[in-house]
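J.: got a structure for you, letters missing:
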C-alpha cells in the first residue's frame, strides 16, 4: 500500500513538473516570437511579384510596398520573377527561408487556378504558403473591336457568336489567366464557342484587338483604361456582381442577362509556410492599415483595383473557395492540362 501511494505521489510530482516545464517553454517561445515581431523588420524585405514589370500585379505591389516601407522603416523591394503562369516566382517564396524577409505578391493564377490547370505543381498554394491578406480585386471586362463585331450589347454579341461557332478569336494574357477562364466561364454560361489566342502580355494583345486581328477579349480595367474613349474598342459588360466605381456606366453581366457569372482577378500577400505567426500578424496589421490609407486606396481605385483587405483566416478561406470554384470551371469545360 505504501509503495502504491509512493508511486502515485511521484507520478503526480513528475506530471506537475512536466506540465510546468512545457508551460514555461510555451511562454518562452511566445515571448521570443513577440520579441522577434517587435524587432522585425530590421533589414530590407524582398517582395517577389511572379509577373512582369508594368503588369497590374506589379503596379499594385509597388504601391503597397512603398507604403509598407514608410510604415515599417525599411525598404520593401519588389523583384519580378516570371514564368510558368506565375508558378516560378510563387514557388521561390514557398521554398524561401520562413523569416519574413522574402514575401510573395501573387495572384489568382498561381494561388487558385494553376492547382487544377497544371498537371504538376512545384508547391501547394494552400499548404506551402502563409496567407497574410487579400490585397485587391480587379474586374474583367468583355471588350470587342466594334468595326469587326458590329454589336452594342452582350445579348447581340451572344447571337453574333452563336451564328459563327468556333470562328471568333478571343485573347487573354495566357493559359489559365483569370481573363482566359472568364471567357471559358462565359462559354459555359451562354453556349457560345470561341477560339482562345493566348498572349504573353497586355500591350501586344491590345494592339491586335485594335487592329482587329483578335477582336474579342476579356481583360481587366488597368489594361484597357488607356484606350477607353478612343472609339477603337467597345466594352460590353463588367464581370463582377456590382458596377465599378471607375466605370459606373458599364453594366454587369447579370444586368445584361447572363446570370450566375462572376469573374475577376485578385492579388494577395503571402509568406513562406513556417514564418513566425507574430511576424505574419504584424504584416497583416500593417497591410490592412496601408490599404485603408486614403492616398493608396484612391490610387488603386483609379487604376481599377478594388482594395480588399482581410484577416489571415479570411484570406486562407478565400483561396480555398477559389481553388474549388475554378476546379469546377476547368474540369466542367474540359480545359486541357498544362504540362510544364
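T.: That came through fine. Just so we're clear, the structure is a prediction, and the values are computed from it rather than from any experiment.
J.: what residue ranges in the stretch 201-340 of the chain score low on pLDDT?
T.: Scanning the stretch 201-340 of the chain for pLDDT under 70 picks out 340.
J.: Note down every partner strand of the strand of greatest length in the chain and its orientation.
T.: Longest strand in the chain, counting residues (DSSP state E): strand 129-144. Sheet pairing of strand 129-144 (DSSP bridges) gives strand 216-220 (antiparallel), strand 234-238 (antiparallel), strand 264-272 (antiparallel), strand 306-307 (antiparallel).
J.: Now the element after it, going C-ward?
T.: As assigned by DSSP states H and E, the chain's next helix or strand after strand 129-144 is helix 154-162.
J.: Any idea how far that next one is from the middle of the chain?
T.: 30 Å (C-alpha atoms, centre = their mean, to the nearest Å).
J.: now it and strand 129-144, what's the angle there?
T.: Angle, helix 154-162 to strand 129-144, by axes from the mean of the first three to the mean of the last three C-alpha atoms, to 10 degrees: 80 degrees.
J.: Now do the strand or helix carrying residue 314 against strand 129-144, angle only.
T.: Assessed by DSSP H and E, residue 314 sits inside helix 312-333. Angle, helix 312-333 to strand 129-144, by the same axes, to 10 degrees: 50 degrees.
J.: Against which helices or strands is helix 312-333 packed?
T.: Under the contact definition 3 or more C-beta pairs under 8 Å, 6 or more residues apart in numbering; DSSP states H and E, helix 312-333 sits against helix 114-117, strand 129-144, helix 178-190, strand 264-272, helix 277-292. Yep, even glycine has a C-beta here, placed from its N, CA and C like the rest.
J.: Just tell me which of those ends up closest to residue 208.
T.: Among the helices and strands packed on helix 312-333, strand 129-144 comes nearest to residue 208, with 12.2 Å by C-beta to C-beta.
J.: So what's the gap between that closest one and the chain middle?
T.: 5 Å.
J.: Could you do stretch 237-245 as well?
T.: Between the centre of stretch 237-245 and the centre of its host chain there is 18 Å, according to C-alpha atoms, centre = their mean.
J.: thinking residue 186 is in contact with residue 218, fair?
T.: Yes. Taking contacts as C-beta atoms under 8 Å, residue 186 lies within contact range of residue 218: 7.2 Å.
J.: Pull up the gap between residue 182 and residue 275, please.
T.: As judged by C-beta to C-beta, to the nearest Å, residue 182 and residue 275 stand 33 Å apart.
J.: picking that back up, show me the common contact partners of residue 186 and residue 218, please.
T.: 142, 263 (C-beta atoms under 8 Å, 6 or more residues apart in numbering).
J.: picking that back up, the helices and strands packed on helix 312-333: which one's closest to residue 227?
T.: strand 129-144 (8.7 Å).
J.: Could you say which of the strands paired with strand 129-144 is packed most deeply?
T.: For the strands paired with strand 129-144, the largest average neighbour count (mean count of other C-beta atoms under 10 Å) is found in strand 216-220, namely a mean of 27.
J.: Just the residues contacting that one, thanks.
T.: By C-beta under 8 Å, 6+ apart, the list of residues contacting strand 216-220 reads 56, 138-145, 149, 168-173, 178-180, 182-183, 186, 194, 202, 205-206, 209, 239, 263-265, 304.
J.: picking that back up, any idea of the mean pLDDT in the longest strand of the chain?
T.: For strand 129-144, mean pLDDT is 96.
J.: what angle separates that strand from helix 277-292?
T.: In terms of direction (the same axes, to 10 degrees), strand 129-144 departs from helix 277-292 by 30 degrees.
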